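Chemist: Sequence and predicted model, in that order:
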Amino acid sequence: MNTDQVRVVVTGLGATTPLGGDVASTWSALLAGQSGVRNLTEDWVDSVPVKFAAVAAVNPTEVLPRPEARRLDRAEQFALVAAREAWAHAAIEKVDPERLGVVVGSGIGGITTILAAYDTFKEKGWQRLSPFTVPMLMPNGAAGWIGIEVGARAGVHATVSACATGAESIGYGIEMIRSGRADVVVAGGTEAAIHPLNIGSFAAMRAMSTRNDAPHLASRPWDKNRDGFVLGEGAGIVVLESEEHALARGAKIYAVAAGVGYSADAHHIAQPEPTGAGVILAMRRALENSGLTGADIKHVNAHSTSTPAGDVVETIAINEVVGDHPLVTSTKSMTGHLLGGAGGIESVFTILALHERIAPATINIDELDEGVAVEIVRDKPRALPDGQIAAINNSFGFGGHDVAVAFTSI
Amino acid sequence: MALTEQEILAGIGKIINEITGIPASEVSPEKSFVDDLDIDSLSMVEIAVAAQDEFGVEIPDEQLKHLKTVKDVINFIQN
């Protein structure tokens, strides 16, 4: 079998985000240009310089049965909620468990569990630690729980690459099917990091917006007056399937998961490489891996996070590899930045954009920054052309990880 | 005043429901934790710690592994 010829398609979508508890509510809020950013009301907000975040619209503990929720970290809760939606959506009645895999990662893992457990340990002793503390804090916990849920025995993996995690997981999922290891893979990313320690630590890097007087305007990729990212939480999961397997069961196909490109900056642990060389390499490789040309790409769901450093150089990289014709957007203007969950939800958005032929807008751009080298979708969603079209989801992470995932319309 | 078997059973039922979601009504004395109620060893540790809080009786690990049924736990707490 020539595994290069295995086409991978998307047959299921799941998400729980700051805009909605599922894909449909999230997508309609996204097209309506709503902001998921809100003021934090916890008593610890006085201790940090950022007093807002993009909190999940639906608390997963309201969806999951209580006994289940109490043994899951919040990041695992999000992942399981989104995976169940994606799995139900794919409606796979029968799959060989040894041909079913999972690739779901998180940037930070169960950090709220770690911190709460350490408080318990100090105040009450080790005997009072939940016996589920370890499976709750480990960053592969979400993948493990999803694997149990769907009965995946081909392999359960968890990639960890900071804010590139979700996209990298989907890339690995595509490769798992192409290499012949699986027919179906549940893939994506999750994050639950709205905690004062994380906010304080990101603020210490001067990476976060401190627009406390207008939180809903704080996430403004490519705007001249952007001042940092807005922390979000949630999960995005897709069901990937070999085209052969999907067609044999008459599945509804949303898009082709055409290929992935990876690269690394080898530059700085947290700052983007200023020429965009790593981003260019990842996008070039995504095109090569997909058998696409720049002209095929009509839409890019950009990584741009609203930090001063990275947004403009990403557009220069897109222009270099693809050209100035694609409609480019950053949905982080509405969802905030879900870190390890970002590539998950943004791949879901990229797939929906192709399927529904519409690119969501980037909100909050009052004055486009100098040097933006591509066409940004502003104010209102824009229609994508008919015919065979393709789109790319970019995700980059601290550590210098660059990932571009390419999808094509069916 | 010592608790009655019924009072302890009600308390255990409540704890098991909280931790595993199994309805308290299904928690009857003859039930085995592993074979009948499908409770894993990690959840048994949680149940033991919660029972300690509820009844003020410490259940050492070496005892816990001998407590196979709900009745075993009731007897241990009563004695």
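Modeler: Yep, it's here.
Chemist: Can you name the residue of the stretch 101-250 of chain A nearest to chain B?
Modeler: residue A:131 (4.0 Å; CB to the nearest CB). From N, CA and C alone the C-beta is placed, and that goes for glycine too.
Chemist: Now the phi/psi pair for the closest residue to chain A within chain B, please.
Modeler: Residue nearest to chain A within chain B (CB to the nearest CB): residue B:21, separated by 3.5 Å. Per-residue torsions, residue B:21: phi 90, psi 0 (degrees, to the nearest 10).
Chemist: Isn't it up against residue A:70?
Modeler: No: with contacts counted by CB atoms under 8 Å, residue B:21 stays clear of residue A:70, the gap being 9.6 Å.
Chemist: Among those two, which residue is more densely surrounded?
Modeler: Higher neighbour count among residue B:21 and residue A:70: residue A:70, with 18 against 12, using other CB atoms under 10 Å in any protein chain shown.
Chemist: and chain B, which residues reach chain A?
Modeler: Within chain B, the positions adjacent to chain A are B:18-21, B:42-43, B:45-46, B:49 by CB under 8 Å from any CB of the partner chain.
Chemist: Quickly note the distance from the residue of chain B closest to chain A to residue A:55.
Modeler: Distance, residue B:21 to residue A:55, by CB to CB, to the nearest Å: 26 Å.
Chemist: which residues of the chain score low on pLDDT?
Modeler: In the absence of a named chain, chain A is used. By pLDDT under 70, the weakly predicted segments of chain A are A:1-4.
Chemist: The intended chain is chain B.
Modeler: Scanning chain B for pLDDT under 70 picks out the ranges B:1.
Chemist: What segments of it are helices?
Modeler: B:5-20, B:41-55, B:61-64, B:70-78 (DSSP state H).
Chemist: Show me what counts as buried in the third one.
Modeler: Residues residue B:64 are the ones in helix B:61-64 that count as buried (16 or more other CB atoms under 10 Å in any protein chain shown).
Chemist: re earlier: tell me the buried residues within the residues of chain B next to chain A.
Modeler: Neighbour-count burial (16+ other CB under 10 Å) applied to the residues of chain B next to chain A gives B:18-20, B:42-43, B:45-46, B:49.
Chemist: What ranges does the stretch 101-250 of chain A have for its strands?
Modeler: A:155-157, A:184-191, A:234-242 (DSSP state E, counting those that start in this stretch).
Chemist: I'd like those laid out as TSV, including distance to chain B.
Modeler: What follows is the strands of the stretch 101-250 of chain A, written out as TSV (distance: least, CB to the nearest CB, whole Å):
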stretch	distance to chain B
strand A:155-157	19
strand A:184-191	22
strand A:234-242	23
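Chemist: Would you tell me which one of these is buried the most?
Modeler: strand A:184-191 (a mean of 35; mean count of other CB atoms under 10 Å in any protein chain shown).
Chemist: Pipe the residues of chain B next to chain A into CSV and attach distance to residue A:146 per row.
Modeler: Converted to CSV, those look like this (distance: CB to CB, whole Å):
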residue, distance to residue A:146
B:18, 25
B:19, 22
B:20, 21
B:21, 19
B:42, 19
B:43, 20
B:45, 24
B:46, 23
B:49, 28
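Chemist: How about the contacts made by the residue nearest to residue A:130 when sequence neighbours are not counted?
Modeler: Nearest non-adjacent residue to residue A:130, counting by CB to CB, 6 or more residues apart in numbering or on different chains: residue B:46, 6.7 Å away. Applying CB atoms under 8 Å, 6 or more residues apart in numbering or on different chains to residue B:46 gives the contacts A:130-132, B:19.
Chemist: which residues sit in contact with the residue of chain B closest to chain A?
Modeler: Neighbours of residue B:21 in contact, by CB under 8 Å, 6+ apart: A:65-68.
Chemist: mind redoing it with 10 Å?
Modeler: Residue B:21 makes contacts with A:65-68, A:70, as judged by CB atoms under 10 Å, 6 or more residues apart in numbering or on different chains.
Chemist: restrict those residues to contacts with chain B.
Modeler: The subset of these within reach of chain B, by CB under 10 Å from any CB of the partner chain, is A:65-68, A:70.
Chemist: how many other residues sit next to the closest residue in space to residue B:52 that isn't next to it in sequence?
Modeler: Nearest-residue entry for residue B:52: residue B:58, 5.5 Å, with adjacent residues in sequence omitted and distances by CB to CB, 6+ apart. When neighbours are defined as other CB under 10 Å, residue B:58 has 11 of them.
Chemist: how near is the closest residue to residue A:192 other than its chain neighbours to residue A:116?
Modeler: Nearest residue to residue A:192, sequence neighbours excluded (CB to CB, 6+ apart): residue A:74, at 3.6 Å. From residue A:74 across to residue A:116, the span is 10 Å (CB to CB).
Chemist: Would you mind listing the residues touching both of these two?
Modeler: Joint contacts of residue A:74 and residue A:116 (CB under 10 Å, 6+ apart) are A:110, A:136, A:195.
Chemist: count of neighbours near the last one?
Modeler: Put plainly, it is residue A:195. Neighbour number of residue A:195 under other CB under 10 Å is 22.
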